[in-house]
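Asks: Predicted structure and sequence below. I'll ask about it afterward.
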Amino acid sequence: MELSEHIKTANVEDVTLRRPFHPALRGTLCVTSHHLLFSDGKDEASWQLLILLKNIDAIEKSVEILFGYPRAVGSSGTITIKCKDLLVLQLEIPGMEECLNIASSIEALSSLESVTEMYPFFYRPSHLTLSSPWGLSSMEQYYKQTERLWDRWRVSTVNSDYSVCLSYPSAVIVPREVDDDKLIRSARFRQGGRFPVLSYCHHRNGMVIMRSSQPLTGANKKSCKEDELLLQAVIDGSKLGYIIDLRSAQQAQQARMTGGGFESKSCYSDWKRIHRHHERGKVVQESLIKLVEACSDPSHSVDRWLSKLENSKWLSHVHSALSTAGLVVECVERDGHSVLVHGSEGTDNTLLMSSLAQLILDPASRTVTGFLCLLEREWIQAGHPFQQRCAHSAYSHARLKQECPSFLLLLDCVWQVWRQFPLALEFSEALLLRLAQEVYASDYGTFLCNSEQERCAAGVKENTHCLFQSLLRPNIEEQYLNPLYEPTDLVIWPSVHPQSLQLWTGLFLRWTEYAQNMEEAREEVWSIVKEHREQAGPDRTNNMLSTHCDTLTPFENLMDELTIL
Amino acid sequence: MEKQQHSSGSESPVLPPVPRKPRSLGGVIPAPRQDSVDLPDSPTGSHVEWCKQLIAATISSQISGGSVPPEAITREYKVGKKIDFKVSRRTNLRAFKDVRRQAPMDEVPLVPGETVKTTVKDVMYICPFTGAVTGTLTVTDYKLYFVSLERDAPYILDVNLGAISRLETISVQSLGENTSGMEIVCKDMRSQRFAYKKEEQSNLEILEVLTKYAFPLSNELSLFAFQYKEQFPEDGWKVYDPVSEYKRMGLPNESWTISKINSNYEVCDTYPALLVTPTSIKEDEIKRVASFRVKHRIPVLSWIHPETQATIVRCSQPMVGPTDRRCKEDEHYLQTIIDANAQSHKLTIFDARQSIVAENHKAKDGGFENENFYSNMDLNFLDIPNIHVMRESLRKLKEVVYPTIDEPHWHSAIDATHWLQYIRLLLAGAVKIADKVESSKSSVVVHCSDGWDRTAQLTSLSMLMLDSYYRTLRGFQVLLEKEWISFGHKFAARVGHGDENHANSERSPLFVQFIDCVWQMMRQFPTAFEFNELFLITILDHLYSCLFGTFLYNSEQERVENEVNSKTVSLWSYVNSQPEDFTNPFYVDYENHVLYPVASLRHLELWVGYYVRWNPRMRPQMPVHQNLKELLYLRAELQRKVEELQKEASSSHSISSSSEHAYSPSNGGTPLHTSV
């Protein structure tokens, strides 16, 4: 079925658009295969709103029918559109039939299942070409850049045809002394074939963070010699390693009944296992739903707001994620031991911990490029099932399948770190917000599919543009940079006490006037910092004239802004 | 363990500002406390010093390869679930020690005018965070100073006597028969417990001495502010001059006059000597209005809009009584206020109370303006509960934040105190007032019962929203001097300076609540205030400290009688002598901008930097203002250049700012921030 066949009514005039904190607008509404377009005028200067249909999470319609006059001139319908980026819009559409047609088109087109029908495959902006490189980083590149690895580690291409592990990339980093055969055997012993691979090597002491899925010990306490050897090779000379199991001890025990399990002391004698309970899947998704519900209560005097915030448990997920990441960091940095992180499948919380730990430990991952590379390696290539997890967001009425806001949780944790260390990260909140939006609905192919294998099969790299590349090239936009960035080599230990964690208002209260205030303040800070840089610049003693210009510009900007306001 | 070192960095800090200590702003990060130890002439404890130490502690710990991550501290507190991370902690400790130097700590740093009253050895401080420590306790006429050298780092606890709310003996039988215990409950959200041996004579009197100097007024002594002898380059008493402040607003004008009717405080003993009243109202009329208003607090002008002439007028409730008494002069007086503003023929009265409470006041000879008698008037109740409710709310808040926090229930516990709900009510009320003045161009009258608590909160907050001058470091001082101090907010009664009667129902944290609101605004508009959070915390600390005369007594009359200006030092002398410590590096003068904070609970946050600051787990992470100190200086430089340029430019084309006053919320009461 052609996409266009879903569109019964493509154009409606005299539609009223209501957005939070803006006056209502009248204009024309247009539905295309991938977009909803609203325009308040016909000339060039008209204001337009373009929404990716994929961004629409839920649609509610109410039609006023005057009895006996089903096609009366006065009949109209209202569609409420709730987006995955938490924006809520209302459209008043004259004509009941038009309204219903539009609604059903949106419903059908916003939940396309086939990857190749999605917008990234059609997005062809003039400034990008498909031949430009796709992606920023890969395991091979990480290996090349990390000299510390060269001695004891190697890049294995055992998974080059994705036959050993469907969700792993084609190349992974493993201990040099473990050959590919052993890897294959180890993979058979791990859920989904996710055998232990290197995620990060600490630049200070060479200790590593490994990740995997749970071992398939099962009820009969199976063991796998090759898996044991692989882990033995990880710690090599040193006496001890830590396994951080993201389930409670009880859950890990129970997992044996369904074929999973944990690394027993008897088989992995040099590894010390620590259990940390983390909620997953549905529970986290429901937290998000509750939180967004509390946030979108329209009244200002929300009764017991803080209790509602607490009940949503969202911040407690943030708390446990940061605590466990802290634990990983403590093992690696403080104790000087290597760590293996896994939960069950090793595609959600596992990735959350390994990437957060790197952000805390590694100054290189706190730059814009470094952070995007980290996301690419640890989430996209590592096989986080984006398509399943982000199929719906907080507003959807659809029955939950495999949705889980793991990635949003990561972004929230990163935001908490950024808030506590306002100088340590090169990127700004705006980048995190952009990513939070792109992950659910995007022009780019970056977050499509569930694994490298799927992306390969769908030809994502050949037929879509890469978000990360376009964020960085030709130049990263100023708004994504932190004006106060001062690189530090130190480990940035976040405080995880509830009094130190805050609701990420920038995301969850994004469509409020508060966000506008903060945006203005951010601009001010930028202009102040720029003035400062101009002042402190090396060629300060240039001629007076340029100084005059420099100072005058921000001053004029300021005046401009005042007048605009 | 380093954990304790941290707390030594964060628990000891206390008030006495130590002005003009050698500035070590740009200096390399010293180890915690180190600089105060090295400089005997620079007593420990100023706020700035404290913050710097905390920051230093944070940063140096990071440099030394990371100290305890907060995470590790948590684990300490969890029952028995500790895992084997001790090894690493120990290695770390060593790293930490190297940075630290030991120095003699027996000397108690004193501020000029301060004298030691008693010193007791072998006192045990039972720290709620790190366990008991034994050391020497010194009591001066200004502070309690406890030093313990038994840990790797000197442990110092410095509590300002003015902050003490009550002293109690407690049972410490577990520590032995001959041991007495004492608990100090402070006004600034903390408490301390000490245990000491009964035997020695000197020990017996410790509680006695402490009581005497903590509550000087109950013991026929004077407040320490009258002994404090510090000299500052700036004179803070000159900050506020009513005549020039009114002149700044364009007063007097044809409708309003600066009246001397109260110059002897005869009309109203809780009002300042100079009042702004309508020009056309004669003295005898004012006196009759005074007799109709509770405590004679007549309607007077607080602020006038530079363009529309809409005014904010404050007063106390009218004495309507159960019989619905009228006062022709009062009605005429308010009509005159309407007439003074050509832009609007309406007057809005904001009664801060709940309507039912206002109704009840009628039985007690109070009440509110009857709309039948006051034509052209709108009466609005802002539903703000009274001082007793606020006191109770803060008491509950203290229980939540000190000493230990029930982490899983943190938010619901905060919710149950209702503290943020009251903050919201205040902000929402002030937004309504500001919006009325700005958007409806209408004059407003604000009162509660007596017109010195909620009224002061509301008028000063709305003035802060309307007038960018009050958002500067100096301007804010003027605002406090004017709306709070001169208009008779009863600081002495509300705070209970030097008074041992802690259960006095007159006490209430109304001023703290106001400062909290300012902080909330600052959070929502990070670049709109010239001052920083440290400034607000400093103000609150000296609200209690009795070091400065600024917040002493209940009214201007009392302050004049007690010669506060000549016998004590002003807090602003201290602040303005080192303004860079209190300046926000990102300040942008939003001249003529009205700020409407979002008065929604979702956008309010508990001010953890103040209420939870004694908790060692609350280490500030990386305060921005510190790292950008240099930026401040450069900015000042730049600002100067811009001003020069502006002067040059103004000769060619003038930049009009009159149209910029149109920043207004739409649809009436709800504070929306839309650009026009």
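Replies: Good, I have the coordinates.

Asks: what about A:His397, is that helix, strand or coil?
Replies: For A:His397, the assignment made with DSSP: H, G, I helix; E, B strand; the rest coil gives coil.

Asks: mind checking how far it is from chain B?
Replies: Look at A:His397 and chain B: by CB to the nearest CB, to the nearest Å, they are 24 Å apart. For every residue, glycine as well, the C-beta is placed using N, CA and C.

Asks: which residue sits closest to that residue in space, ignoring its chain neighbours?
Replies: A:Ala58 (5.7 Å; CB to CB, 6 or more residues apart in numbering or on different chains).

Asks: which residues touch the one you found?
Replies: The contact partners of A:Ala58, taken as CB atoms under 8 Å, 6 or more residues apart in numbering or on different chains, are A:81-82, A:395-397.

Asks: same thing but 6 Å
Replies: Listed by CB atoms under 6 Å, 6 or more residues apart in numbering or on different chains, the contact set of A:Ala58 reads A:82, A:395-397.

Asks: Name the SS class of it, please.
Replies: Quick answer, by three-state DSSP: A:Ala58 is strand.

Asks: what's the top helix by length along chain A packed up against?
Replies: In terms of residue count, the longest helix belonging to chain A (DSSP state H) is helix A:513-536. The contact analysis (3 or more CB pairs under 6 Å, 6 or more residues apart in numbering or on different chains; DSSP states H and E) places helix A:513-536 against helix A:544-564, helix B:629-652.

Asks: Where among those is average confidence lowest?
Replies: Here the lowest mean pLDDT among the helices and strands packed on helix A:513-536 goes to helix A:544-564, at a mean of 33.

Asks: Which parts of the stretch 101-250 of chain B are helices?
Replies: Using DSSP state H, counting those that start in this stretch, the helices of the stretch 101-250 of chain B run over B:201-204, B:206-214, B:242-248.

Asks: neighbours of whichever residue of the stretch 101-250 of chain A sits closest to chain B, just the number please.
Replies: With CB to the nearest CB, the shortest gap between the stretch 101-250 of chain A and chain B falls at A:Arg204, namely 8.5 Å. If you count neighbours by other CB atoms under 10 Å in any protein chain shown, A:Arg204 ends up with 14.

Asks: Apart from its chain neighbours, what residue comes closest to it?
Replies: Using CB to CB, 6+ apart, the nearest residue to A:Arg204 is A:Glu333, at 7.0 Å.

Asks: rewinding a little: hang on, the residue of the stretch 101-250 of chain A closest to chain B is in a strand, isn't it?
Replies: No: counting by three-state DSSP, A:Arg204 is located in no strand; its state is coil.

Asks: so which of the helices of the stretch 101-250 of chain B gets nearest B:Val612?
Replies: Proximity to B:Val612, assessed across the helices of the stretch 101-250 of chain B by CB to CB, is greatest for helix B:206-214 (24.3 Å).

Asks: Which neighbouring elements make contact with the closest one?
Replies: Using 3+ CB pairs under 6 Å, 6+ apart, helix B:206-214 sits against strand B:116-127.

Asks: so what strands line up beside the strand it packs on?
Replies: Here strand B:116-127 has these sheet partners by DSSP bridges: strand B:131-140 (antiparallel), strand B:191-197 (antiparallel).

Asks: Need the ones you listed in a markdown table (columns: mean pLDDT and mean neighbour count).
Replies: Shown next, in a markdown table, are the strands paired with strand B:116-127 (pLDDT from 0 to 100; neighbours: other CB atoms under 10 Å in any protein chain shown):
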| stretch | mean pLDDT | mean neighbour count |
| --- | --- | --- |
| strand B:131-140 | 90 | 20 |
| strand B:191-197 | 89 | 21 |
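
Asks: and A:Leu53, which of these is closest to it?
Replies: When the strands paired with strand B:116-127 are ranked by proximity to A:Leu53 (CB to CB), strand B:191-197 comes first, at 59.2 Å.

Asks: Next, name the residue at the spatial heart of the chain.
Replies: Going with chain A. Nearest residue to the geometric centre of chain A (CA atoms, centre = their mean): A:Phe407, 3.9 Å.

Asks: hmm, I had chain B in mind actually
Replies: Closest-to-mean residue, chain B, CA atoms, centre = their mean: B:Leu540 / 3.4 Å.

Asks: any idea which of the helices of the stretch 101-250 of chain B is most buried?
Replies: Comparing the helices of the stretch 101-250 of chain B by mean neighbour count (mean count of other CB atoms under 10 Å in any protein chain shown), helix B:206-214 comes out on top with a mean of 20.

Asks: got a list of contacts for it?
Replies: Counting by CB under 6 Å, 6+ apart, B:117-118, B:120, B:139, B:141, B:161, B:164, B:167, B:182, B:219 sit against helix B:206-214.

Asks: Work out the gap between it and the centre of the chain.
Replies: 26 Å (CA atoms, centre = their mean, to the nearest Å).

Asks: Could you pull out the helices in the stretch 101-250 of chain A for me?
Replies: Under DSSP H, counting those that start in this stretch, the stretch 101-250 of chain A gives helices at A:139-145, A:180-188, A:225-235, A:249-255.

Asks: Take those and lay them out in CSV including mean pLDDT, mean neighbour count and distance to chain B.
Replies: Compiled in CSV, the helices of the stretch 101-250 of chain A are given as follows (pLDDT from 0 to 100; neighbours: other CB atoms under 10 Å in any protein chain shown; distance: least, CB to the nearest CB, whole Å):
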stretch, mean pLDDT, mean neighbour count, distance to chain B
helix A:139-145, 88, 16, 24
helix A:180-188, 92, 19, 27
helix A:225-235, 90, 20, 16
helix A:249-255, 91, 16, 12
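
Asks: what about the nearest residue to B:Pro252 once chain neighbours are set aside, which helix or strand?
Replies: With sequence-adjacent residues excluded and distances taken as CB to CB, 6+ apart, B:Pro252 is closest to B:Ile258, at 5.2 Å. B:Ile258 is located in strand B:256-259, with elements delineated by DSSP states H and E.

Asks: Give the next helix or strand downstream of that strand.
Replies: Taking DSSP H and E, what comes next after strand B:256-259 is strand B:275-278.

Asks: Distance from the chain centre to the helix or strand following that next one, please.
Replies: Counting by DSSP H and E, the element after strand B:275-278 in chain order, helix or strand, is helix B:283-292. Helix B:283-292 sits 34 Å away from the centroid of its parent chain (CA atoms, centre = their mean).

Asks: what helices or strands is helix B:283-292 leaning on?
Replies: Under the contact criterion of 3+ CB pairs under 6 Å, 6+ apart, helix B:283-292 touches helix B:328-339.

Asks: Contacts for the helix it packs on, please.
Replies: B:278, B:280-281, B:285, B:288-289, B:292, B:313, B:347, B:373-374, B:376, B:443.

Asks: For that helix, buried residues please.
Replies: B:329-338 (16 or more other CB atoms under 10 Å in any protein chain shown).

Asks: ok, B:Ala273 - how many residues close by?
Replies: Residues near B:Ala273, counting by other CB under 10 Å: 16.

Asks: Can you list phi and psi of the nearest residue to it once chain neighbours are set aside for me?
Replies: Leaving aside its sequence neighbours, B:Ala273 sits nearest to B:Ser263 (CB to CB, 6+ apart; 4.8 Å). Backbone torsions for B:Ser263, taken as degrees, to the nearest 10, come to phi -60, psi -30.
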